[in-house]
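*Asks:* Here is a sequence with its predicted model. Questions after.
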Amino acid sequence: MAISKILYMKDCGNHFPGKHLKVAIDYISEPEKTQNGKFVAGFNCQLDAAYEQMKQTKEKFGKTDKRQGYHIIISFEKGEVDGDTAFEIIGKFAKEYLGSDYEAVYSVHDNTDHIHGHIVFNSVSFLDGMKFHYKKGDWAKKIQPVTNRICEEYGLSTIQIEADQAKPSDHYKEWNEYRDGKFVWSNMIKRDLDACIMQAPTYDSFLELLADKGYEIKAGKYLAIKPPGMYRYKRCKTLGDEYCEEKIRERIKAEDLSSYKPYQKNMQPRIVYCKVNRFKRTKFSGLQKKYFAKLYRTRKLKKKPYSQSWKYKDDIKKMHKLQEQYLFLVKHDIPNVVELVATTDNLTDKKKEVSKEKSKVFKDRAKFNPLFEMLGEINELKECENSFESGDKFFEDEHKQWITLVENLKKQGYSIEEVEKLKEHYRNEISRVRDLEKIVFKELNLAKSILSEITKETEGRTQEEVKEQWQTIKEKKEVKQPKR
């Protein structure tokens, strides 16, 4: 799914009011993030002189102060799209949302696990000098619906938008927390809270213990705390029912170190025997040993204090990435770079096959769109039809519409139940091909990331040169050790 959010850039004062706007344009255009500028384009302006043109537009209409521009970010689910597809989607979004009124620069960054697009546009229209106005609720009414519709055209998943929603949905919040590493913090905070509850005789001493651990505390209507390294306060009640202020006060009275001693005394040490089926350990290839060694070295994280994990959040992410790469090598039984390149080529072909299959499913489904539209209208009239059948003549017009729609379905050779089954069939097919596509995309990205790292370690040589070297080594070994 693609999730959008919008930011604005403030005025930096008379000396350089458009500083934030220029910095934003430079940032989204960085070559190392956009494949040397391949995924950067200008809209209603020349790319090389985008900021200067935006500045001239502001000066022309005498609107050089206050908000300088806006920055829209559209993030795609990991492994769901490649850079080229994302670039097409971002371009379509910019043209549809901004129309022909505002100068903009848009780009795609594919240097991270989550491919994402940026659109930076002028706050002043170059046609009539009107300033762009973003109102509360526009995200749910305009921005995300356009994103969803374009994603549907490309067969991508979408996010649900509630009628009264003015902020990104919970899907965005969950993904954003995972991206920022907050998945580590929740467990860390709960563990520290439990320790302080057990040691504190009173609620005030509980707060003091938290402060000693480096937490900042906000004691308002709800107890909220912030560990070092976290950008926002977190309400304790969001961690679970056991961590609201009222429950914490109760636990402080009921729990202490002595309450755990009887349990420890009753526990007598004993030897436990169990039958274990031992299997012969699989031998690792050189490449697999290398990645296992990297993974092993990151295990030193476990020796560090748990409540200080915010300091090495990036190391934890690195460990997860190395683990995925190592498991990928073992799963595909890849002993060297030659096999890795071959596997990458196979996954690239498989990606194309899956994309073709997904396109075919969507094309086949599109043939039945008129039937599905009629089914949707029938479902909307269902309650009215039930009321009419119960004797409420107020819904006679809706009843006539119902009869017409059902008859039109019959003329097409389908009943309501058959169309519902057909719709469910394509829903399952789309879900199947999307899941398959995610798996292939993920594995292909893993293969490419490993190849990229190996290429860097071999002094910048290309993948073809590395492959040729490994192929030569393999042939020499085969000559030295002929098959018996």
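*Replies:* Received it, and whenever you're ready, just let me know what you need.
*Asks:* SS state for Glu437?
*Replies:* helix (DSSP: H, G, I helix; E, B strand; the rest coil).
*Asks:* you'd agree it is up against Ser359?
*Replies:* No: counting by CB atoms under 8 Å, Glu437 sits too far from Ser359 to count as a contact (10.8 Å). Bear in mind the C-beta positions are built from the backbone N, C-alpha and C, glycine included.
*Asks:* Between these two, point out the one with more neighbours.
*Replies:* Glu437 (21 against 13; other CB atoms under 10 Å).
*Asks:* need the contact list for the residue lying closest to the more buried one once chain neighbours are set aside.
*Replies:* Spatially, and ignoring its direct neighbours in sequence, Glu437 is nearest to Val354 (4.9 Å; CB to CB, 6 or more residues apart in numbering). By CB atoms under 8 Å, 6 or more residues apart in numbering, the contact set of Val354 is Val433, Leu436, Glu437, Val440.
*Asks:* Spatially nearest residue to the second one, not counting backbone neighbours?
*Replies:* Among residues not flanking Leu436 along the chain, Val354 sits closest, at 5.5 Å (CB to CB, 6+ apart).
*Asks:* Give me the secondary structure label for that neighbour.
*Replies:* Applying three-state DSSP to Val354 yields a three-state assignment of helix.
*Asks:* quick one: the closest residue to Tyr243 other than its chain neighbours from Gln401, how far?
*Replies:* Counting by CB to CB, 6+ apart, Cys236 is the residue found nearest to Tyr243 once chain neighbours are left out, at 4.4 Å. For Cys236, the distance to Gln401 (CB to CB, to the nearest Å) stands at 54 Å.
*Asks:* Between these two, which has more neighbouring residues?
*Replies:* Legend: neighbour count by other CB under 10 Å for Cys236 and Gln401, higher for Cys236 (22 against 17).
*Asks:* thinking the more buried one is in contact with Lys247, fair?
*Replies:* No: if you go by CB under 8 Å, Cys236 and Lys247 don't touch, sitting 9.2 Å apart.
*Asks:* After the helix or strand of the chain with the lowest mean pLDDT, heading C-terminal, what element do we hit next?
*Replies:* Lowest on mean pLDDT, DSSP states H and E among the helices and strands of the chain sits helix 170-179, with a mean of 47. As assigned by DSSP states H and E, the chain's next helix or strand after helix 170-179 is helix 182-199.
*Asks:* That next one - contacts with which helices or strands?
*Replies:* Counting contacts by 3 or more CB pairs under 8 Å, 6 or more residues apart in numbering; DSSP states H and E, helix 182-199 packs against helix 203-212, helix 245-254.
*Asks:* Helices of the stretch 351-484 of the chain, residue ranges please.
*Replies:* For the stretch 351-484 of the chain, the helices defined by DSSP state H, counting those that start in this stretch occupy 369-380, 382-389, 396-411, 416-457, 463-480.
*Asks:* Next: the stretch 51-200 of the chain.
*Replies:* Using DSSP H, counting those that start in this stretch, helices in the stretch 51-200 of the chain cover 83-98, 138, 144-153, 170-179, 182-199.
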